[in-house]
Each structure stands twice: as structure tokens, then as C-alpha cells.
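In: With the sequence up front, the predicted model follows.
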Amino acid sequence: MTRLIFKPIVVILCVLIALCGVAPYFGEQMSVHLLAYNVTKPRERARSIYVLHVERRLSVNATPYSTGDYFIRVSPDGRWLIYRPELEPNDRFALVNLRTWQTRFLPALPPNSAFVSTQWEADSQQVWLNVYNRASTVVTSYIYDLPSAELIETDDAPPIYPPIMRDQITIGLPISMNATGDPQLGVTLDDAYIPRLYDYASDDAIISFEIGRDLQPVSISPNNEFLVAVLNRNRQIDLYLVPAWAGEPTNLTHNSDNEGLPVWSSDGNYIAYTSQSDPRRTATNELRVYDVTSGSVAYVVYYGATTMIDNTPPTWIP
């Protein structure tokens, strides 16, 4: 009897917490199936970063302040989210602990910085902040050290490439490089203008574009066997599973909506993507999670007409 009562109570508590805008504690059992994405409320001119727990089917607002960031930067260990709150003066970044949901503010950056890019170190103990002036001609780099909570200006250059890039890859560009900086793998177009993996040791030329076609970035499966790509066939935009080197693409969506921005989960079990039923909207209608094993959509996030999911790539949390 206790078990029968306990589960509904937990569900009710999670719903109440979500409605109150307080993020629940996911704990140390956070799986790879946590997904971060941007949500916009146009009437309020506010943008927030939400986190979806796919198994629990629960979404929470991870950022207590509105943010102007379009890209989501999560530490490699999945513990920290860095973002720029829209607060005055707008010279401080914030870190959200994705285990406890507590917010830590970084020391202030120089005023009047037009743009700041962020990049995590592989050990998740430091994050780079590259500050651009208004003409984008001068870049000043800072390193924020989490253990010491110090922000240090540096003349060093941040790491340019991770070992391999998998999400939102531009066709014609490399995705992995060797120790000397030479490209190893990239994405090209075959004779039928279908995206494929490309080996830079090949004698074939890499093809990066086709005139008259809108080629969106692609994502690569963790085992390098498949690409997930948005293809326009017969005047219909759908999501396709594409064999990496050769073979016919498989349509995953088969609907009249416009899909985009697909990203693989780190274990290859899920693909998250956006879906837009009304092409006149500047933001998308839904965020969908496709279950690769079952071959069906496992979860749909929809907030209605007044709250939209940004047309920016979602990010799986490690």
C-alpha cells in the first residue's frame, strides 16, 4: 500500500515544483538523457534555459534569470552550466550547478564588452571567456578557475578543437584533427548530394555545398556509423538517418512539419530535434526526442502559442 501511495505523491510534488518555477533535485543519478534547450516568452521578452529529464518526462527552468545567450555551454562532466544573465550592469556571467541548482556569479568582466564566447576545459575545472570589443578586432581571454573562484586574464590561446565534434557540423569542415592539427575526418556530399563522412586521407575532393539547396548542419552518431541530417526531398523537409559512408537514407519523421537542429545523445539511443509546423514563426513549436531503438518519438515538449522553443540547437548533458 505504501508503494502505491508514494509514486503518485512524488509525481504530484514534481508537478508542483515545476509550476512554482523551482528546479527539483535530480541528484547524482543524472543519466546521459538530460537535455538542455532554450525557451523564449516573446511577450515578456525573456529567454531561459530549461533542462528535460527524458526518463522522468520533467522539464525545469535551470536559469533563475533571463539570458541573451543562444548557445548552451555545459561542462564536460555535466555538472555546470555557464550563461550570461540579462542583469544591469551586463558584465557578469553565472554558473548553475546542475546537481543542486545553486547559482554562482563570476567576477565582473570589463565594461562595454560586445560579445563574449565561452569554452570549457576538458577537466571541467576551468572555463575560458573570450571578450571581443565592439569592432570584434580585439579579443581578451580570461580563465575562470572553479576551485579558487578566480578570474585571471591570460595571453594563452584556448583549445580550438575537442577530440571530435559531433553536433551541428557544417558540411565541408573537419570534425577531428590529429596532434599536429591536420584534419582527419570531415563531412562531405556524395554524388547524390547526400551528407557523408569524409576521410582526409582520401584522394577525393571534399564537397561543401550545392547551389540552390539549403543544407543544414548534421550530427554524427557516437559510433561514427550514421549521420542524422535534415533533407529536403519532394519539397518536404524531414529528418533522415544517413549511413556514414554509403547507403540509402531512412526518413525518420514522415510529416508535414519542418524539422531541424538534430543532436545525438552520447549513447546513441536518442536524437533530439526541433519541429516547426508554422514556417512564419521565428521560433519553433516543439522540441522532440526520437527513440532510435523503438523507431518512434519518445517525448514532445510544447508550451503553447505564448511560449516558444528557440530555433537553436539543444544540448545533451553528459
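Out: Here it is on my side, so go on.
In: buried residues in stretch 77-94?
Out: Neighbour counts over stretch 77-94 (16 or more other C-beta atoms under 10 Å) mark G78, R79, W80, L81, I82, Y83, R84, P85, D91, F93, A94 as buried. Bear in mind the C-beta positions are built from the backbone N, C-alpha and C, glycine included.
In: which sections of the protein are below the confidence cut-off?
Out: Applying pLDDT under 70 to the chain picks out residues 1-32, 42-44, 112, 136, 160-163, 209-214, 278-284, 304-306.
In: quick one: the helices in it?
Out: Applying DSSP state H to the chain gives helices spanning 2-20.
In: contacting residues around stretch 170-186?
Out: 161, 163-166, 169, 187-189, 195, 197-201, 206-209, 215, 217-218, 220, 224 (C-beta atoms under 8 Å, 6 or more residues apart in numbering).
In: Just the buried residues out of those, in ChimeraX syntax.
Out: To isolate the buried subset of the contacts of stretch 170-186 in ChimeraX, counting by 16+ other C-beta under 10 Å, use the following:
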select :165,166,169,187,188,189,195,197,198,206,207,215,217,218,220
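In: thinking again about what came up before, I'd like the buried residues of stretch 77-94 laid out as CSV, including distance to F71.
Out: Listed next are the buried residues of stretch 77-94 as CSV, based on distance: C-beta to C-beta, whole Å:
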residue, distance to F71
G78, 17
R79, 18
W80, 15
L81, 12
I82, 11
Y83, 10
R84, 11
P85, 15
D91, 19
F93, 13
A94, 15
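In: what two of these are the furthest from one another?
Out: Within the buried residues of stretch 77-94, two members stand farthest from each other by C-beta to C-beta: G78 and D91, at 27.4 Å.
In: Number of residues surrounding N255?
Out: 14 (other C-beta atoms under 10 Å).
In: can you check Q184 too?
Out: Applying other C-beta under 10 Å, I find that Q184 has 14 neighbouring residues.
In: Please apply the same query to T40.
Out: The burial count for T40: 21, using other C-beta under 10 Å.
In: roughly how far apart are the nearest residue to P314 once chain neighbours are set aside and M165?
Out: Closest residue to P314 apart from its sequence neighbours, by C-beta to C-beta, 6 or more residues apart in numbering: Y37 at 4.1 Å. To M165, Y37 is 19 Å away according to C-beta to C-beta, to the nearest Å.
In: Ok, R84 next?
Out: Noted for R84: a distance of 23 Å to M165, by C-beta to C-beta.
In: before we move on, what about L34?
Out: In terms of C-beta to C-beta, L34 sits 20 Å off from M165.
In: same question, S141
Out: 21 Å.
In: now do N285
Out: When N285 is compared with M165 (using C-beta to C-beta), they lie 28 Å apart.
In: Please apply the same query to S266.
Out: S266 is 13 Å from M165, by C-beta to C-beta.
In: L95 too?
Out: 24 Å.
In: cool, and S296?
Out: Distance from S296 to M165, by C-beta to C-beta: 28 Å.
In: How about W245?
Out: From W245 to M165 the distance is 18 Å (C-beta to C-beta).
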